[in-house]
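1. Sharing a sequence plus its predicted fold:
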Amino acid sequence: MRIIDISVPIYTGMVFYPGDPGAVIEPVLRVAEGDVANLSELRLGTHAGTHVDAPHHFMGGPETVDRIALETLVGPARVLDLSTVTGLISAADLRQAGAAGATRLLLKTVNSRLWAQPEFTADYVSLGDDAADFLVAEGVKLVGIDYLSIERFKSDDYHVHHTLLGASVVVLEGIDLSEVGPGEYELVCLPLKVVDGDGAPARTILIER
């Protein structure tokens with residue numbers, strides 16, 4: 001059994017989506033300075049790094065991150081190789097990559113290389129509108145992508161988020177699939193239990209058997 005951590009590290013100065021709060025970690029107590037223990041203060045947005053979007057993020061209503069069923073967040077997942085796609089991922093791209101029949105899909109794109117860049121990259125690969133429609137029609141329960149948003153930067157109507165979240169599809173953003181090949185895995189994605197939260201950072205792993 002091989003366990004692969006697909007979460008990105010959280011640290012002061014990490015890349016973040018423009019307009020969102022950045023991450024700041026500041027020492028409060030330090031053993032080296034005579035304190036009884038080490039203790040830090042962590043400040044970050046609910047959509048920092050590897051995180052889950054709850055339907056409440058765009059739709060309002062009661063489907064908040066603390067109410068997402070664990071059965072949705074844990075279980076078989078399929079990683080699709082979409083590394084030849086540029087711009088928008090289409091429904092045809094998903095079909096060709098083997099999306100049919102999967103309950104949870106993780107989309108590996110050239111985005112995974114962007115985690116090495118210190119600044120936000122606006123022209124990341126994202127999901128097209130028809131691809132979001134396709135995933136809902138296929139009955140997918142969770143879809144993840146390897147950058148900070150599944151939707152193109154500065155979308156006019158946020159069709160992808162509205163379509164997926166409106167159908168109660170959990171969106172997992174900010175994963176790192178650079179060390180993951182396409183295929184079948186067991187996904188464990190555990191967002192922080194933020195009461196009435198629109199989203200939350202999530203330690204996320206894949207188990208290869």
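-> That came in fine, so what should we check first? Since we're looking at a predicted model, the values are computed, not measured. Residues are numbered from 1 along each chain as shown.

2. Just the buried residues of the worst-scoring helix or strand of the chain on mean pLDDT, please?
-> Every helix and strand in the chain was compared by mean pLDDT, DSSP states H and E; the lowest is helix 56-59, with a mean of 91. By neighbour count on 16 or more other C-beta atoms under 10 Å, the buried set for helix 56-59 is 56-59. Glycine gets a C-beta too; all of them are placed from N, C-alpha and C.

3. could you dump the next helix or strand after that helix to PDB, C-alpha only?
-> Later in the chain than helix 56-59, the nearest helix or strand by DSSP states H and E is helix 70-73. Output in PDB follows, covering the C-alpha atoms of helix 70-73 (Å, rounded to 0.1, in the frame of the first residue of the first chain):
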ATOM      1  CA  LEU A  70     -18.000  11.700   4.800                       C
ATOM      2  CA  GLU A  71     -19.100   9.000   2.400                       C
ATOM      3  CA  THR A  72     -18.700  11.500  -0.400                       C
ATOM      4  CA  LEU A  73     -15.300  12.600   0.700                       C
END
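
4. quick one: the residue lying farthest from the centre of the chain and M14, what's the gap?
-> Most distant from the centre of the chain: G34, at 39.5 Å, with distances by C-alpha atoms, centre = their mean. Distance of G34 to M14, given as C-beta to C-beta, to the nearest Å: 30 Å.

5. Please name the nearest non-neighbouring residue to V15.
-> Leaving out its chain neighbours, the residue that sits closest to V15 by C-beta to C-beta, 6 or more residues apart in numbering is F120, at 5.4 Å.

6. Quick one: classify the one you found as helix, strand or coil.
-> Under DSSP: H, G, I helix; E, B strand; the rest coil, F120 falls in the coil class.

7. can you tell me which residue is nearest the centre of this protein?
-> E173 (1.7 Å).
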